[in-house]
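**Q** Generate coordinates for the sequence data below:
(one chain, ligands or ions: 1)
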Amino acid sequence: MEKRVGIYIHVPFCASKCAYCNFYSIAGGDKLMPAYNDAILKHIEEYSAQLDGFVIDTVYFGGGTPGYFGANRLIGIFNELKKHGHVLLDSEVTAEINPGGISKEELLKLKRAGFNRLSIGVQCANDSMLKSLGRTHTFADAEETVSLARQAGFENISVDIIYGLPSQDKEGWAETIAKTAALKAEHISCYGLKIEEGTQLHIFKDSPFLPDDDVQADMYLYAVEMLARFGYRQYEISNFARRGFESKHNLKYWLGKEYIGFGPAAHSYVGKCRYSFIENIEKYIERVSTGQVVVEHSEEMSDFENAGEYLMLRLRTTHGISEEEYYNIYRLKMDYVLELLKRYEQSGWALFKDGRWRFTPNGFLLSSTLIGELLEAQNKQRTQISKPWQTDLPEEELQMTLFTNKRPLQSGLFGGRRLVGSQDLL
Ligand code: SF4
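**A** Numbering: from 1, shown residues only. Down below sits the predicted model:
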């Protein structure tokens with residue numbers, strides 16, 4: 001069976017820094033772009049041997065603002081991946097862009113090169129709020145960019161919106177949802193504002209202009225209900241899609257699948273190892289170009305930790321978890337976890353359907369706390385098992401997932417490389 005992997009490329013450049021942003025991104029660093037481009041290309045080439053063991057079925061350019069980096073550079077990096085990795089022709093290939101930040105010509109170039117999904121940072125329908133957040137676009141720019149993307153042939157568009165913004169009331173949020181739905185994107189990500197330390201918004205942490213927790217909760221529940229009416233099915237805490245347009249790349253994170261990241265602060269999960277690269281673009285460039293180590297953190301995941309991640313990550317999705325699946329993969333019972341889930345069910349936070357447990361929207365609101373309790377319950381269970389990790393079958397064969405990757409390969413590969421020993425691909 002071929003091993004599949006998703007590739008994440010971090011592009012940390014932005015036109016300006018948004019007031020709420022705590023991603024690793026820099027504004028005013030344009031002069032570093034050529035050197036950064038060279039470093040990424042070199043890094044991919046160096047990873048050639050590791051990439052050789054995988055078939056790549058998703059590629060995600062995130063940031064930062066990949067669109068600001070320029071279509072030519074993104075295409076150059078994608079071509080390098082095609083050269084050194086086995087990239088499936090029908091891979092999901094996403095670029096994050098900002099409204100008003102990319103021309104139709106560039107969108108056409110991306111489309112022709114094999115990019116087939118765009119993630120657009122719309123954030124809000126209110127222009128004065130966008131301005132106060134440090135966004136450099138209006139909602140009309142978002143409408144224009146979606147229109148240009150359609151003209152360029154993109155049939156899979158995602159938009160991001162944020163609730164809980166300073167001075168945003170429920171009516172304002174309702175307006176953002178209605179106007180966003182009118183964009184007719186295939187996918188909507190809907191995030192609650194978090195005031196993080198180190199961001200410009202942090203000084204407003206206790207400001208009365210911020211919607212309180214109850215109002216934020218109402219906004220979230222309203223979004224879940226309204227987006228369903230507009231045809232967007234919730235499949236993860238913050239993500240909604242028309243059927244068949246769930247993000248294949250992001251599902252890799254939530255379903256515990258493997259992914260390899262490139263760029264400063266990029267994370268990877270391969271084999272049983274999680275690692276991340278240094279969160280500093282200058283150091284990243286210098287170390288890659290001089291052949292030094294760029295890994296800043298790494299950890300080998302134990303089987304028990306992986307079992308915990310199963311609970312933690314899959315309960316983010318509406319696919320949820322199953323006792324049978326959990327036992328088949330980890331040879332571990334979940335009696336204590338089930339006890340808790342039944343209590344959550346009585347409180348309206350969880351539901352059991354078709355053999356699987358999942359959180360309700362009210363449960364998603366409390367998911368950090370609930371998952372913490374479930375992990376404690378799982379820890380308690382661990383002591384009851386004598387040989388928890390024995391299994392005769394490979395994990396891939398045991399997993400039954402909603403968003404399965406089990407279909408046989410139907411498409412060929414981009415360009416150059418062939419997967420040695422796999423007849424499926426020929
Ligand atoms: S465009 Fe995105 S990554 Fe860049 S500063 Fe704004 S929120 Fe952060």
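**Q** what's across from whichever residue of the stretch 101-250 of the chain sits closest to the ligand in the sheet?
**A** Per C-beta to the nearest ligand atom, Gly121 is where the stretch 101-250 of the chain lies closest to the ligand, at 5.7 Å. C-beta: built from backbone N, CA, C; applies to glycine. Note on Gly121: beta-bridge partners by DSSP bridges are Asp160.
**Q** I figured it hits Pro99, correct?
**A** Yes - using C-beta atoms under 8 Å, Gly121 is in contact with Pro99, at 7.1 Å.
**Q** which residues of the stretch 1-150 of the chain score low on pLDDT?
**A** Along the stretch 1-150 of the chain, segments meeting pLDDT under 70 span 1.
**Q** where do the strands sit along it?
**A** Under the criterion DSSP state E, counting those that start in this stretch, strands of the stretch 1-150 of the chain are mapped to 4-11, 13-14, 26-27, 55-63, 86-97, 117-123.
**Q** As CSV, the ones you listed with mean neighbour count would be great.
**A** CSV is the format used below for the strands of the stretch 1-150 of the chain (neighbours: other C-beta atoms under 10 Å):
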stretch, mean neighbour count
strand 4-11, 24
strand 13-14, 23
strand 26-27, 16
strand 55-63, 24
strand 86-97, 23
strand 117-123, 26
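**Q** Can you give the domain ranges for the chain?
**A** For the chain, automatic domain parsing gives the domain ranges 4-253, 321-398.
**Q** Adding distance to Ala266, write these out as a markdown table.
**A** What follows is the domains of the chain, written out as a markdown table (distance: least, C-beta to C-beta, whole Å):
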| stretch | distance to Ala266 |
| --- | --- |
| domain 4-253 | 4 |
| domain 321-398 | 24 |
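**Q** What sits closest to Gly114 if chain neighbours are left out?
**A** Val93 (5.6 Å; C-beta to C-beta, 6 or more residues apart in numbering).
**Q** didn't that neighbour look like it was pressed against Phe115?
**A** Yes - the pair Val93 and Phe115 passes the contact test of C-beta under 8 Å, sitting 4.7 Å apart.
**Q** looking at the domains of the chain, which is buried most?
**A** Highest mean neighbour count among the domains of the chain (mean count of other C-beta atoms under 10 Å): domain 4-253, with a mean of 19.
**Q** Quick one: distance of that domain to the chain centre.
**A** 9 Å (C-alpha atoms, centre = their mean, to the nearest Å).
**Q** With stretch 368-375 instead?
**A** Averaging C-alpha positions (C-alpha atoms, centre = their mean) puts stretch 368-375 21 Å from its chain's average.
**Q** hang on, the earlier thing: gap between the residue nearest to Gly114 and the ligand?
**A** To the ligand, Val93 is 20 Å away according to C-beta to the nearest ligand atom, to the nearest Å.
**Q** can I assume Ser48 is in contact with His84?
**A** Yes - counting by C-beta under 8 Å, Ser48 does reach His84; the two are 4.3 Å apart.
**Q** Nearest approach to Phe304 belongs to which of the strands of the stretch 1-150 of the chain?
**A** Closest of the strands of the stretch 1-150 of the chain to Phe304 is strand 4-11, at 23.9 Å (criterion: C-beta to C-beta).
**Q** Need the per-residue pLDDT for the residue in the stretch 301-426 of the chain that the ligand sits nearest to.
**A** Nearest residue of the stretch 301-426 of the chain to the ligand: Arg316, at 21.3 Å (C-beta to the nearest ligand atom). Looking at Arg316, its pLDDT stands at 97.
**Q** got the contact list for it?
**A** Glu236, Ile237, Trp254, Ser367 (C-beta atoms under 8 Å, 6 or more residues apart in numbering).
**Q** restrict the residues you listed to those near the ligand?
**A** With the criterion set as C-beta under 6 Å from any ligand atom, no member of these is near the ligand.
**Q** what residue ranges in the stretch 251-400 of the chain are flagged as low confidence?
**A** 383-400.
**Q** what are the ranges of the helices in it?
**A** 281-289, 303-314, 323-330, 335-346, 361-365, 367-382, 395-398 (DSSP state H, counting those that start in this stretch).
**Q** what's the answer for the stretch 1-150 of the chain, then?
**A** 33-46, 48-51, 66-69, 71-84, 104-113, 127-132, 139-151.
**Q** Columns distance to Lys17 on top of those, output as CSV?
**A** Putting the helices of the stretch 1-150 of the chain into CSV (distance: least, C-beta to C-beta, whole Å) gives the following:
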stretch, distance to Lys17
helix 33-46, 17
helix 48-51, 33
helix 66-69, 12
helix 71-84, 21
helix 104-113, 23
helix 127-132, 14
helix 139-151, 18
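**Q** Any idea which of those gets closest to Lys205?
**A** helix 127-132 (15.8 Å).
**Q** ok, that closest one near the ligand or not?
**A** No - Helix 127-132 lies out of reach of the ligand by C-beta under 6 Å from any ligand atom, never closer than 10.9 Å.
**Q** got the contact list for that helix?
**A** Counting by C-beta under 8 Å, 6+ apart, Ala19, Gln123, Cys124, His137, Thr138, Phe139, Leu165, Pro166, Ser167, Gln168, Gly172 sit against helix 127-132.
**Q** and if we set it to 10 Å?
**A** The contact list for helix 127-132 (C-beta atoms under 10 Å, 6 or more residues apart in numbering) reads 18-19, 99, 122-124, 126, 135-142, 162, 165-168, 172, 176, 201.
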